[in-house]
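Novice: My questions concern the predicted model and sequence given below.
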Amino acid sequence: MQYRSLGKTNFNISEISLGTWQVGGKWGSPFDPDNAESILKTALDNGINFIDTADVYSDGLSEKAVGKAVKSYAQKIYVATKCGRKFQPHLDASYTLKALRKSVEDSLTNIGVEHLDLIQLHCPPWETYYRPEVFELFESLKAEGKIGALGVSVEKIEQAIKAMEYENVTCIQIIFNMFRQRPSEYFF
């Protein structure tokens, strides 16, 4: 396995990492704790040290499975989770400081840790990118020891570029694959 630095985080993470949407059981089958454990164990046993999850993946069951798996390994496993996508309705008005703080605290409980390595805003509405107080909240959470770093998971390149204006955004998760190549021209 090869490792590299993730954005501005100083995390030395595996180039191949594990996204846990499928662990959460929302892709056509119900959540299966044994399957989740098998997926996570296989990844970790093969040198993966970075796991991406979210509060919305099976309403926290993915986060709980990740937390359980990570605790059984001695080496450092970086865990990134996301917040905000669970808000209903998924509008800027739902991104209150109180709701965001509660999301972080719920993720801490789900994963069973006192500190999240990385929390990412999960595809926030456009208007949210223009609210500095949202991004400032995560500085407070960092000062409280609840998070290590802030990132943003985006749907559009323009959102990624806007998120980079905030000094405390340490990394950006963007859709990039063989079908969606636009980031290579306009973002990377």
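Specialist: Now that the structure is in, tell me what you want to look at. Numbers count the residues shown, from 1 in each chain.
Novice: Sketch out the low-pLDDT regions of this protein for me.
Specialist: 24-28 (pLDDT under 70).
Novice: rerun at 90
Specialist: Low-confidence segments of the chain (pLDDT under 90): 21-32, 58-59.
Novice: Buried by neighbour count: which residues of stretch 74-87 qualify?
Specialist: For stretch 74-87, a neighbour-count test (16 or more other C-beta atoms under 10 Å) marks 77-87 as buried. Glycine gets a C-beta too; all of them are placed from N, C-alpha and C.
Novice: which residues touch the helix ranked longest in the chain?
Specialist: For the chain, the longest helix by residue count, based on DSSP state H, is helix 97-111. For helix 97-111, the surrounding residues in contact (C-beta atoms under 8 Å, 6 or more residues apart in numbering) are 53, 55, 60, 63-64, 66-67, 70, 79, 81, 83-84, 86-87, 114-116, 119, 133-134, 137, 141, 146-147.
Novice: tell me which residues in it are buried?
Specialist: Those buried within helix 97-111 under the rule 16+ other C-beta under 10 Å are 100-101, 103-104, 106-108, 110-111.
Novice: Quickly name whichever of those residues is closest to Ile16.
Specialist: Ile111 (21.4 Å; C-beta to C-beta).
Novice: tell me, what residue is most central in the chain?
Specialist: Thr81 (3.1 Å; C-alpha atoms, centre = their mean).
Novice: which strands and helices sit next to the helix or strand harbouring that one?
Specialist: Using DSSP states H and E, Thr81 sits in strand 78-83. Under the contact criterion of 3 or more C-beta pairs under 8 Å, 6 or more residues apart in numbering; DSSP states H and E, strand 78-83 touches strand 50-52, helix 61-71, helix 97-111, strand 116-122.
Novice: Redo these as a markdown table? Include distance to Leu44.
Specialist: Shown next, in a markdown table, are the helices and strands packed on strand 78-83 (distance: least, C-beta to C-beta, whole Å):
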| stretch | distance to Leu44 |
| --- | --- |
| strand 50-52 | 8 |
| helix 61-71 | 6 |
| helix 97-111 | 15 |
| strand 116-122 | 15 |
